[in-house]
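Here is the input, now give the coordinates:
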Amino acid sequence: MIWVEGGEFTMGSDEFYPDEAPARRVAVGGFWIDPHPVTNQRFSAFVEDTGFVTEAEQAPDPALYPGAPEENLVPGAMVFVMTQGPVHLGNFTQWWAWIPGADWRHPTGPDSSIDGRDQHPVVQVSYGDAQAYCNWADLELPTEAEWEFASRGGLEGARFTWGDHDPQEADPCANTWQGAFPYENTEVDGWTRTSPVGSYPPNGYGLHDMAGNVWEWTNDWYSASHPNDERRACCAPAAPRGGSEEGSLDSSQPAIAIPRKVVKGGSHLCTPQYCYRYRPAARQPQMIDTAMSHLGFRCIKRPDGV
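Numbers count the residues shown, from 1 in each chain. Got it, this is the predicted structure:
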């Protein structure tokens with residue numbers, strides 16, 4: 001792990017999405033942090049040692065998803081599916097699908113695998129899955145402030161982990177989307193989905209993948225002064241199993257709110273066209289029970305007594 005000396009910094013941004021504002025001064029203590037997201041190899045070691053079964057590998061409780069189709073109440077997870085052509089970007093259901101049999105070993109469905117992908121970030125892990133790993137490793141998930149402080153790499157107020165210029169369409173510094181979202185990925189960065197950790201230069205603290213590749217869980221509950229900002233749907237579908245949570249397509253059943261944590265960093269699906277969130281200040285609400293094909297985590301270790 002890499003030691004990050006604590007300090008005071010400007011957290012958030014007044015330039016982009018409403019829930020990033022206001023930019024404000026925040027202080028964090030020092031901590032050790034993983035140099036990259038937890039990999040399939042490391043998560044496999046955890047599962048082998050403990051026999052842990054992730055949430056995506058378990059059938060959900062029907063009581064938590066009133067109105068959900070019976071065929072969705074099986075083990076599975078959310079998977080990005082590229083569309084056949086241009087679609088209206090206001091409807092995320094056109095590129096997100098609930099896939100039975102998708103889980104961390106089969107990130108895009110039962111016919112997929114992680115063979116040869118030991119050094120890719122583990123995905124399809126819920127908040128509880130990430131916490132279970134942390135408990136096993138005697139580590140913790142970072143707070144949102146700790147994560148953002150680390151991602152900035154000492155660049156006070158910069159838009160990106162590498163500075164203020166965005167080169168992603170020509171000379172990528174991170175794994176994000178190039179081309180017309182969500183139907184054309186020109187792979188200027190070399191990848192359509194996840195990339196091996198450390199494929200791009202580190203930030204000023206020596207940390208890799210603090211922008212793009214996979215979203216990362218933090219330990220903070222999500223709140224926003226503009227909770228109905230429709231742009232939040234780019235990467236965090238509501239009621240993915242088709243139930244009746246507020247914001248889903250079915251409002252005929254009573255809503256059951258699933259708590260959300262903050263995720264940070266953006267992913268390989270981020271693009272200025274729609275989800276311009278591969279920036280340190282960017283944030284996203286993520287339901288704690290939902291695993292997704294672009295969502296992982298990294299851990300921290302605080303000094304004893306902190």
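
So what's the residue count around residue 270?
29 (other Cβ atoms under 10 Å). Glycine gets a C-beta too; all of them are placed from N, C-alpha and C.

That one reaches residue 277, doesn't it?
Yes. Using Cβ atoms under 8 Å, residue 270 is in contact with residue 277, at 5.2 Å.

Packing partners of the longest strand along the chain?
Assignment by DSSP state E gives strand 215-221 as the longest strand of the chain. When contacts are defined as 3 or more Cβ pairs under 8 Å, 6 or more residues apart in numbering; DSSP states H and E, strand 215-221 packs onto helix 144-152, strand 260-264, strand 284-287, strand 295-296.

Show me the contact partners of that strand.
Residues from elsewhere that reach strand 215-221 (Cβ atoms under 8 Å, 6 or more residues apart in numbering): 37, 125, 127, 130, 140-147, 235, 259-267, 284, 286, 292, 294-298.

among the residues you listed, which ones are buried?
37, 125, 127, 130, 140-147, 235, 260-267, 284, 286, 292, 294-298 (16 or more other Cβ atoms under 10 Å).

so residue 86 makes contact with residue 181?
No. Residue 86 is beyond contact range of residue 181, at 9.5 Å (criterion: Cβ under 8 Å).

quick one, which of those two is more surrounded?
When neighbours are counted by other Cβ under 10 Å, residue 86 and residue 181 differ, and residue 181 comes out ahead with 22 against 11.

So that one sits against residue 276, correct?
No. At 11.0 Å, residue 181 does not count as touching residue 276 under the criterion of Cβ under 8 Å.

ok, what's across the strand from the nearest residue to residue 112 once chain neighbours are set aside?
The shortest distance from residue 112 to any non-neighbouring residue, by Cβ to Cβ, 6 or more residues apart in numbering, is to residue 106 (4.9 Å). Judged by DSSP bridges, the bridge partners of residue 106 are residue 103.

quick one: contacts for residue 106?
So residue 106 contacts 112, 113, 114 (Cβ under 8 Å, 6+ apart).

What are the boundaries of the strands in the protein?
For the chain, the strands defined by DSSP E occupy 2-4, 7-11, 24-28, 31-33, 76-80, 96-100, 215-221, 260-264, 284-287, 295-296, 300-301.
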